[in-house]
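Here's my sequence, what's the structure:
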Amino acid sequence: MGTMIKTLFFVRRSKSKLSGHVPIYFRVTLNCERFEVATTRFIEISKWSQEGGKATGNSKEAKELNEFLDMLRAKAFDIQKKLITGGKDITIENFSEQWHGVKEKPRMLLEIFQHHNDQVKELVGRQYSQSTHRRYLTSLDHTRKFIVEYYDKQDISIAALKYQFITDYEFWLKTKRKCNHNSTIKYLTNFKKIIHICIKNGWLERDPFVGFKMTKHDVDRPYLSSEELQILSSKSFVSERLNQVRDIFLFSCYTGLAYADTQKLTFDEITTGIDGEKWIFTSRQKTETASRIPLLPFAVAILEKYKSNPQCVHKNRVLPVLSNQKMNAYLHEISAICDINKKMTYHTARHTFATTITLTNGVPIETVGKMLGHKNLKTTQHYAKILDKKVSEDMKVLRDKFKLAESLRSKSNIQ
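Residues are numbered from 1 along each chain as shown. The predicted model follows:
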């Protein structure tokens, strides 16, 4: 931040007028560098105190001059305070710009957004996934089009961002872009990250999101039932590609791995766990959270089926996973062939693991969350739906306990 400024008022005898008056100058010193400016005030040399840096005496003229000099000194320290609170270095250059009222180039929203996206792109594969980069590209594109339509500008200063900007943007996403509520919140969440960058850098004093609710609506997350899993696993498709996609999808149904984590899974991440059985030891690409998953027999069988696949061997991947777009297209075809009347995407496998494979079979939700690589239980609760069947089974146990207790009391009363 640099050291604090020092101030000094002095007169220049070399520039004295015929009347004997000399000009008063103001000097600010910082790290041996000086900023000097004429005060536009003059004084008789005999009425100036060099040691005190002010006019001597108690005359009206002396008091008014000293008050004026005090205001200049206060202005200097106000500039110093402004530089500190703004997170800027206290340099002679910055001080001079503030003193003379040189306006900074306004920071533009889309420029900052683009710079952020450029950094994300450079970190793809190390800190971010390709899909995350694409998500921010889409968010930037939406923001750019909104500014053009609503403000008739190619960009906008971040200083112009107010609460109304956020509400108008939300309305535009829902009406012009036809985004549902949760998709709108996702785009606004991406945009909010850019706002936080501006705030943390001291470029924006007030968060325009203050008071704006970012709550998503609960939605039904499709998953496959045990019967549908049986139909899917027993079906033999004419196309080998469909059989392959079905197998990979089922692998995620029995492991809970998301598409990105299944695609990058290597042979080195399949190892022996504490129970002597095969486990997956990996890190979620989305959150970089460690995930430990004991492999069920069905998942092990799929790994064995593809361990010699040329594509897998060549790329050191356990499964020959296609692009997410192709996987979803084939899964749509598979669901039609199997008469599964649900919107089946690759992420359906993750919901199926949470709901049908684990929770329905009595696996505690804390354990499920650990295997899914979630950081908190709330996230797991969004994925996992307790089925009526499970609720019925749990209540049946409780009901039987009450019946047994009632039966014992009746026998005791008879005796």
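
other SSEs contacting the lengthiest strand in the chain?
Secondary structure of the chain per DSSP state E: the longest strand is strand 33-44. Counting contacts by 3 or more CB pairs under 8 Å, 6 or more residues apart in numbering; DSSP states H and E, strand 33-44 packs against strand 21-30, helix 60-85, helix 92-99. Every C-beta, even on glycine, is put in place using the N, C-alpha and C of the backbone.

Walk me through which strands that strand pairs with, and which way each runs.
Partner strands and pairing direction for strand 33-44 (DSSP bridges) are strand 21-30 (antiparallel).

Any regions of the stretch 251-400 of the chain where pLDDT drops low?
Judged by pLDDT under 70, the stretch 251-400 of the chain has its weakly predicted residues at 285-289, 383-390.

can you pull out the helices in it?
If you assign secondary structure with DSSP state H, counting those that start in this stretch, the helices in the stretch 251-400 of the chain sit at 259-263, 297-306, 310-315, 324-337, 347-352, 365-372, 377-383, 388-414.

buried set for the first one?
This means helix 259-263. Applying a neighbour-count criterion of 16 or more other CB atoms under 10 Å, the buried positions in helix 259-263 are 259-263.

returning to that earlier point: out of the helices of the stretch 251-400 of the chain, which gets nearest to Asn182?
Between Asn182 and the helices of the stretch 251-400 of the chain, the tightest spacing by CB to CB is seen for helix 377-383, at 11.1 Å.

List the contacts of Lys235.
Residues near Lys235 by CB atoms under 8 Å, 6 or more residues apart in numbering: 246, 337-338.

Just want the phi and psi numbers for it.
Lys235 has phi and psi values of phi -80, psi 140 when expressed as degrees, to the nearest 10.

picking that back up, rebuild the helices and strands packed on strand 33-44 as CSV, extending it with mean neighbour count.
Converted to CSV, those look like this (neighbours: other CB atoms under 10 Å):
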stretch, mean neighbour count
strand 21-30, 18
helix 60-85, 14
helix 92-99, 17
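
right, so of those, which gets closest to Gly202?
With CB to CB as the measure, helix 60-85 is the member of those nearest Gly202 (7.7 Å).

Distance check, the nearest residue to Ala299 once chain neighbours are set aside against Ala349.
Take Ala299 and drop its neighbours on the chain: the residue closest to it by CB to CB, 6 or more residues apart in numbering is Tyr254, 4.3 Å away. Distance of Tyr254 to Ala349, given as CB to CB, to the nearest Å: 9 Å.

just checking, His374 touches Thr380?
Yes - using CB atoms under 8 Å, His374 makes contact with Thr380 at a distance of 5.0 Å.

circling back to that earlier point, now the longest strand of the chain - C-alpha only, CSV.
Extracted as CSV, the C-alpha positions of strand 33-44 are listed here (Å, rounded to 0.1, in the frame of the first residue of the first chain):
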residue,chain,number,x,y,z
GLU,A,33,8.7,11.7,-4.4
ARG,A,34,7.0,15.1,-4.4
PHE,A,35,3.7,16.4,-5.7
GLU,A,36,3.6,20.3,-5.7
VAL,A,37,0.7,22.6,-6.6
ALA,A,38,0.2,26.4,-6.4
THR,A,39,-2.5,27.4,-3.9
THR,A,40,-3.3,30.6,-6.0
ARG,A,41,-2.8,32.5,-2.7
PHE,A,42,-0.2,35.2,-2.0
ILE,A,43,1.2,36.7,1.2
GLU,A,44,3.7,39.3,2.4
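
Any chance you could list what contacts that strand?
Surrounding strand 33-44, the residues in contact under the criterion CB under 8 Å, 6+ apart are 9, 11, 17, 20-29, 55, 65, 68-69, 72, 92, 95-96, 99.

Fine by me, thanks again.
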